[in-house]
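>>> next one to model:
(chains A and B)
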Amino acid sequence: MSGPAIVFMIVICTFIWGGFSLLLIRAIRSEKRKSREN
Amino acid sequence: MSNSEQFGSRWGLVLATLGMAVGTGNIWRFPRIVASNGGGSFLVAWAVFLLLWSIPLMIVEFAFGKRARKGTVGAFKLLAGRNSAWMGGWVAFCAAAIMFYYSVVAGWCLRYLGAAVLGQIRGSESEVFWTSYAGTGTAWLTHALALSLAVAVVWFGVRGIERVAKILIPSLFVLVVALAIRAVTLPGAVAGLEFLFRPDWAALGDVRIWLQALTQNAWDTGAGWGLILTYAIYMKAREDIPLNAFLIGFGNNSVSLLAGIMVLCTVFAINPGAKSEIVGAGNEGLTFIWMPQLFDQMPGGQFFMVFFFLALSFAALTSLISMVELVSRILMDAGLPRRKAVSVVGLVGLALGTPSALSLAFLHNQDWVWGVGLMLSGLFYALGARKFGLEKLRRETVNGEGADIQVGGWWTFLVGVIVPIEAVILMIWWLWEARGWNPESWLNPFLPESVGTVLLQWAIALVALLALQRWLGKRPAADGGGV
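The predicted model follows:
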């Protein structure tokens, strides 16, 4: 695999899958906080 | 709204909405479109339009559903005014028309799942298998089976939808990940990764790539279809909107990316010489003719073919369920009890899906006409939100009770200005493209994929909806939605 393709793969996968993972973690934390408050 | 007509938890809502968003378009269309539009360059444009089209519209849909607690017709009437009920009618009409043929597609997936389990598809005979099945009475039976399964789930209300989504969506993620891992570990698969991720910066100057990326977002995220609005009716009062919209948008595109890796790595590892032919074979050609051939030549291919069609079936069924719920919700808003409404939708869907089950040309015609119609639905959402007041919607509903993150003024700008421009450009571009498919007879309404057939069917639908405007606009609220 060429260098630019490797770099681009890391960038796009980090954006999409990393973004999804971070949002999921944020939602899990929020739910935990909300259940503690109730 | 009773507790039984409410999602039990945030995860129920998120998984059901992800199930709606992740459909066959993620698995059979995305890899083809990436491959034929410059690979890495397309991915840049595709990621940009996730933020400029899909997520802003998803937020509008969530806000409409949560605020109005009505299906598309009632929500537009309550939020955008009595004279806008027809716009909600258009959104529902498009979704219903798509449901009629989508249950045929879901039936194909189930048939191929059965055939894969029973070892009935031999790679070398996959074309014969497809041509002896598509458009026949057997395809009608599988259409009936798929629709019956979706109706059975919706019959039990939102809790039924939630229970099914909690099983099917995590399973779908596991299946797609397993298939992607299998694909990238095949000898020669790295060429597929190179093809998918090689950036060609010059190609970013090609307008066509941007328009294809916008189209892919419009078709495979479900934004602007009315389906998110329908599920949002059942969200709790203290439920978040913006974070859920981002989560679903990124989750949907995560599956698309996995599917792209899975399909392209498999193609490049097994039959690199035929890559142009494979990606140019259309959705059905890729999925039902080429994929069985590729699996046939792969170590453990029979096993992974079952995985592939299982994933495709789960994706199709969870999307079909949301369409049945959308149409049923409209009837429930008009006063019908749930089970009567679901039965009516099932019977009408069975009847009106029959032409698509028996004729591929008819199915392609409907896919073309109402696929482009969805872009008009997206425009209507933006116009409806503007009519209600974007700032008011943002402050009171999007950033209101339960919001985990606050959405800024960028959202009002995107929905008020950018989304309408995108929708208009997309519609004009697709109709212009279609003009080139039949240069001599592009206005002929009897050709399956002509400009004429779009204009004629849209005109009939719009005239009917506007004629019903008074009735639609004056229907009394069944249980009083909140504004």
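
>>> burial of residue B:152, as a residue count?
Neighbour count of residue B:152, defined by other Cβ atoms under 10 Å in any protein chain shown: 15. C-betas here are computed from N, CA, C, even on glycine.

>>> I meant residue B:124, not that one.
Number of residues near residue B:124 (other Cβ under 10 Å) recorded here: 11.

>>> burial of residue B:188, as a residue count?
Using other Cβ under 10 Å, the number of residues around residue B:188 comes to 12.

>>> now the residue lying closest to it once chain neighbours are set aside: how far from residue B:297?
Nearest residue to residue B:188, sequence neighbours excluded (Cβ to Cβ, 6 or more residues apart in numbering or on different chains): residue B:269, at 4.2 Å. Relative to residue B:297, residue B:269 is positioned 9 Å away (Cβ to Cβ, to the nearest Å).

>>> neighbour-wise, which of these two wins?
Neighbour count, other Cβ under 10 Å: between residue B:269 and residue B:297, residue B:269 has more, with 21 against 13.

>>> ok, that one - contacts?
Applying Cβ atoms under 8 Å, 6 or more residues apart in numbering or on different chains to residue B:269 gives the contacts B:183, B:186-189, B:191-192, B:298.

>>> which one of these sits closest to chain A?
For the contacts of residue B:269, the residue nearest chain A by Cβ to the nearest Cβ is residue B:191; the value is 8.5 Å.

>>> excluding its backbone neighbours, what's nearest that closest one?
Of all residues not flanking residue B:191 in the chain, residue B:268 sits nearest, at 4.2 Å (Cβ to Cβ, 6+ apart).

>>> show the pLDDT at the one you found.
On pLDDT, residue B:268 comes in at 91.

>>> the one 4 residues further on too?
Residue B:272 is assigned 84 on the pLDDT scale.

>>> what does the one 4 residues further on give?
What the model reports for residue B:276 is a pLDDT of 82.

>>> where's it, which helix or strand?
Following DSSP states H and E, one finds residue B:276 within helix B:275-279.

>>> just checking, next helix/strand downstream of that helix?
helix B:282-284.

>>> check which residues of that following helix are buried.
For helix B:282-284, a neighbour-count test (16 or more other Cβ atoms under 10 Å in any protein chain shown) marks B:283-284 as buried.

>>> residues touching it, excluding its own?
The contact list for helix B:282-284 (Cβ under 8 Å, 6+ apart) reads B:24, B:28-29, B:32, B:108, B:130, B:134, B:360.

>>> roughly how far does the nearest residue to residue B:287 once chain neighbours are set aside sit from chain A?
Nearest residue to residue B:287 in three dimensions, chain neighbours excluded: residue B:28, at 4.6 Å (Cβ to Cβ, 6+ apart). From residue B:28 across to chain A, the span is 19 Å (Cβ to the nearest Cβ, to the nearest Å).

>>> repeat for residue B:122
Distance, residue B:122 to chain A, by Cβ to the nearest Cβ: 34 Å.

>>> circling back to that earlier point, can you say which helix or strand has the residue nearest to residue B:188 in it?
Assigned by DSSP H and E, residue B:269 falls within helix B:242-270.

>>> over to residue B:86?
Short version, using DSSP H and E: residue B:86 is in helix B:85-117.

>>> residues of that helix that come out buried?
Residues B:85-113, B:115-116 are the ones in helix B:85-117 that count as buried (16+ other Cβ under 10 Å).

>>> and chain A, which of its residues are near chain B?
Residues of chain A found near chain B (Cβ under 8 Å from any Cβ of the partner chain) are A:1-2, A:4-6, A:8-9, A:12-13, A:15-17, A:19-20, A:23-24, A:26-27, A:30-31, A:34.

>>> those in helices, which ones?
The helices, defined by DSSP state H, take in A:4-6, A:8-9, A:12-13, A:19-20, A:23-24, A:26-27, A:30-31, A:34 from those.

>>> of these, buried ones?
With burial judged by 16+ other Cβ under 10 Å, the buried subset of these is A:5, A:8-9, A:12-13, A:19-20, A:23, A:26-27, A:30.

>>> of those, which pair is most distant in space?
A:5 and A:30 (36.6 Å; Cβ to Cβ).

>>> what about residue B:170, how many residues nearby?
Using other Cβ under 10 Å, residue B:170 is surrounded by 13 other residues.

>>> now it, nearest residue through space, not along the chain?
With sequence-adjacent residues excluded and distances taken as Cβ to Cβ, 6+ apart, residue B:170 is closest to residue B:15, at 7.5 Å.

>>> the one you found: helix or strand, and which one exactly?
Using DSSP H and E, residue B:15 sits in helix B:10-21.

>>> avg pLDDT for that helix?
96.

>>> give the residue spans of chain A that score low on pLDDT.
Scanning chain A for pLDDT under 70 picks out no residues.

>>> brain fart, chain B
Scanning chain B for pLDDT under 70 picks out B:1-4, B:471-483.

>>> kindly report the residues of it close to chain A.
Residues of chain B lying near chain A (Cβ under 8 Å from any Cβ): B:10-11, B:14, B:40, B:43-44, B:47, B:190, B:193-194, B:196-199, B:238, B:240, B:243-244, B:246-247, B:250-251, B:253-254, B:257, B:404-405.

>>> one more time with 6 Å, if that's ok
Residues of chain B found near chain A (Cβ under 6 Å from any Cβ of the partner chain) are B:10, B:40, B:43, B:190, B:193-194, B:197-199, B:243, B:246-247, B:250-251, B:253-254, B:257, B:404.

>>> which of the residues you listed count as buried?
Listed as buried from the residues of chain B next to chain A are B:10, B:40, B:43, B:193-194, B:197-199, B:243, B:246-247, B:250-251, B:253-254, B:257, B:404; burial here means 16+ other Cβ under 10 Å.
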